[in-house]
Each structure stands twice: as C-alpha cells, then as structure tokens.
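[1] Predicted structure and sequence below. I'll ask about it afterward.
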Amino acid sequence: MCEDTMKLFQRLLVAPAALGLMAPVAANADSAFTSTTTLSGSAVFTVGSVADGGNDDKQEELYMQYAYSMDLNTSFTGEDLLTAGIETGNAGEKTGTSASPLAFMDSAADGDSKLSVKSLYYAFPVGNLSVTAGPLVDADDVIAATTSAYSDDFRLGSMPWSVNGDHTGPGIGIAFTGDNGFVASASFVSIDGNDAKVGIGGDKGDDVSVLSAGYNGEGWGLGLIMGSHDGDKTKANGGDSLGGGIYYSPESIPATISVAYDTVDPELKGAKDSSDLFIGVDYEVGPGTLSAAYNSTDVDGGSSADSTGFEVSYSYAVNDSLTITPGFFTVEDTSTGDDDSGVVVETVFSF
C-alpha cells in the first residue's frame with residue numbers, strides 16, 4: 001500500500017466523521033430516550049508453570065498472576081455507545097525482559113497493578129454505517145471482517161500482524177454491515193496523536209491504517225484484512241500486513257473449524273518477511289468446550305527464527321459468572337532452541 005494512497009485514505013476517513021460526531025447527540029435532544037450506563041467486567045486468576053519458560057529459562061516455578069478489567073458503556077440515543085475500558089494486571093510488559101512466562105496468555109494484562117484507562121471512544125450510526133472515534137482506539141477495535149471463529153481465550157491466536165490490538169491512540173473507523181452478509185471496514189489510528197509535538201498523522205509519528213472486507217453466512221464465513229503501519233517514528237514497528245481466514249460450523253457435529261493465514265512485510269532494514277498459519281477447533285464436549293489450536297510462523301531467510309505452537313484447553317462454565325479453563329500449551333522458543341511448555345488453570349469471574 002503506497003504512502004500517498006494511505007494519506008488520501010486517512011483524509012477521506014477523518015473529515016466526514018468529524019463533521020458528524022455530534023449529530024447523534026443533537027438529534028436526541030427532544031427524544032424520550034433516557035441515557036443509560038452499564039458496567040461489566042472480569043477478574044482472571046491465572047496459575048501455572050512453564051517448563052523452560054522466561055527469557056533466562058529460570059522462571060519455571062508454579063506461580064499466579066491476575067488481570068482485572070471494567071467496561072463502562074453509556075448510550076444517549078439507544079443506538080450510540082460511549083465506551084471506556086479500564087484495566088490492570090501484574091503480568092509485566094508483553095515484550096522485554098520484564099515479561100513473565102505467562103505474559104502472552106490472551107487474558108494477560110500489565111499496568112503495574114494500577115488501574116488505567118486503556119480504551120475510550122464513541123460509536124454511532126450514520127445511515128447504514130457505524131462510525132467509531134475517540135482518543136483511545138485500538139487498531140483492532142473497528143474490523144468488520146471475521147477471519148477466525150476460534151475462541152482465542154488461551155495462549156495462541158490467529159492473525160498476529162493484521163489484527164493487532166497493541167497499537168492504540170486517537171483514531172477513527174467506519175464499518176458497514178449489509179443485509180446479504182457482506183461486511184467492510186476502514187480505520188485509522190495515530191499512535192502518537194496525543195503528542196502536540198507530533199500531531200495526528202504527523203510526519204514524525206507512527207500511524208496505523210486497517211482495511212477489511214468479508215462475508216458472514218449461515219454456518220460459515222470468510223474475511224480479508226490489510227494493514228499499513230508507516231513507522232515514521234519507530235521503523236522497527238513499520239510495515240504492511242495482509243491476511244485472510246475462513247471458518248466453518250458443520251451441521252453434523254457441534255464444532256467450529258477456523259483456518260487463517262497472515263503475512264507481514266517489515267519496514268526495518270534487515271527485517272525478514274514472515275507468514276503465520278493458524279488452525280483452531282472448538283468442540284462442544286459435555287457441559288463445556290474443548291479447544292485445540294496449532295500455528296506455524298515462517299520467517300524468510302532460514303529456519304532459525306521459525307516457530308510452531310500447539311495448545312489444548314477445556315472451558316467449563318460453573319455458572320453464568322464463573323468459568324474455569326485448564327489447559328496445556330507448547331511454543332517453540334527460537335532464542336534457545338527449546339520449547340516453552342506450560343500447564344495452566346484460569347479462573348474467570350465475570351460481572
């Protein structure tokens with residue numbers, strides 16, 4: 001995706017949505033709808049041990065970490081939504097030497113045990129479109145296409161580059177959902193847009209643009225996602241990604257099968273193109289769901305940086321507010337040549 005095209009896309013996306021941002025609130029001034037606010041959240045207790053885990057392969061003891069999150073949702077018209085996400089945890093940063101062996105669990109959260117606002121945005125309809133805008137938008141908050149129906153609640157996940165929720169900042173997105181099952185979306189997030197010295201879409205800041213299109217049918221669906229990270233500030237994070245996936249739920253068995261493929265072309269000099277294949281299955285067994293997934297990451301230029309992963313877990317809902325998930329995963333550690341194999345039990349309290 002060329003830079004000029006992405007700059008034009010950013011201008012076309014931002015201008016009309018900014019003009020219409022206050023329209024839904026103004027239109028509701030004389031209506032009978034009363035604004036409502038709901039609170040939901042979760043507390044996750046994760047206990048486990050990872051053999052050969054950690055950066056120095058000395059973090060193998062049984063230990064526990066936690067994650068706590070709250071979502072505040074307010075509607076002013078019955079069709080719009082103001083969302084604030086508050087989160088904390090003690091898993092350490094998901095990258096770097098401070099990371100715990102279970103920092104890459106889907107539930108893991110950092111924050112040094114201090115509550116902080118992780119997301120803040122406003123969504124409202126404009127005709128057949130849904131517009132999302134705010135100061136804290138994740139790059140994956142506005143992706144209409146579904147490339148995988150896998151639960152993604154344990155260790156492994158699909159689309160590591162095209163669906164990346166670690167990029168956050170002032171952003172805007174537009175999504176379309178058709179009656180025939182066709183969906184599409186476009187979004188723009190300025191990672192450094194909260195810095196007045198850099199600015200939104202500035203030449204010295206990192207910006208992420210994501211386009212998606214897909215189809216959600218009866219028992220199956222597919223999607224395609226294209227992303228561009230200009231890396232103006234940090235070349236190490238720059239690059240283009242392209243990925244797609246398909247999911248299928250056969251009528252003969254209570255299962256969902258997902259297959260996704262993702263690629264990235266890094267901008268950093270010397271970095272290699274990479275691809276990731278993901279296969280995941282969710283199968284209803286007894287009172288719970290048995291999940292299994294496999295992924296293989298291939299880095300161009302040799303096998304030393306390639307990796308594979310496998311996981312299996314069983315999620316059991318004790319009641320509407322309590323879910324227990326024991327599981328096992330093994331992920332190849334390319335830095336040591338050994339596998340990080342973990343046995344984990346997660347307890348999720350939802351409210």
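    Received it, and whenever you're ready, just let me know what you need. Residues are numbered from 1 along each chain as shown.
[2] can we go C-alpha only for contacts and neighbour counts from here?
    Fine.
[3] ranges for the helices of the chain?
    For the chain, the helices defined by DSSP state H occupy 3-19, 23-27.
[4] which residues of the stretch 251-351 of the chain score low on pLDDT?
    Residue ranges of the stretch 251-351 of the chain with pLDDT under 70: 302-303, 333-337.
[5] buried residues in stretch 263-279?
    Across stretch 263-279, burial judged by 16 or more other C-alpha atoms under 10 Å covers 263-267, 272-279.
[6] Same check on stretch 38-54?
    Quick answer for stretch 38-54 (16+ other C-alpha under 10 Å): 42-54.
[7] CSV for the residues you listed, including pLDDT and distance to T177?
    Below are those laid out as CSV (pLDDT from 0 to 100; distance: C-alpha to C-alpha, whole Å):
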residue, pLDDT, distance to T177
S42, 97, 29
A43, 98, 32
V44, 98, 33
F45, 98, 36
T46, 97, 37
V47, 97, 40
G48, 96, 41
S49, 95, 43
V50, 93, 42
A51, 91, 45
D52, 79, 46
G53, 71, 43
G54, 65, 43
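[8] Mind checking which of those residues are in strands?
    Those of those mapping onto strands are S42, A43, V44, F45, T46, V47, G48, S49, V50, A51, per DSSP state E.
[9] Which residue, other than its chain neighbours, is closest to the fifth one?
    The reference is to T46. E346 (4.5 Å; C-alpha to C-alpha, 6 or more residues apart in numbering).
[10] hey, what's the one you found bridged with?
    In this entry, E346 is beta-bridged to T46, T325, by DSSP bridges.
[11] and what of V208?
    Under the criterion used (DSSP bridges), V208 bridges to V189, H229.
[12] Distance-wise, check the closest residue to I86 other than its chain neighbours relative to G92.
    Among residues not flanking I86 along the chain, V117 sits closest, at 4.5 Å (C-alpha to C-alpha, 6+ apart). The spacing between V117 and G92, counted by C-alpha to C-alpha, to the nearest Å, is 17 Å.
[13] follow-up on the earlier one: so the residue nearest to I86 touches A84, yeah?
    Yes: between V117 and A84 a contact is recorded at 7.0 Å, counting by C-alpha atoms under 8 Å.
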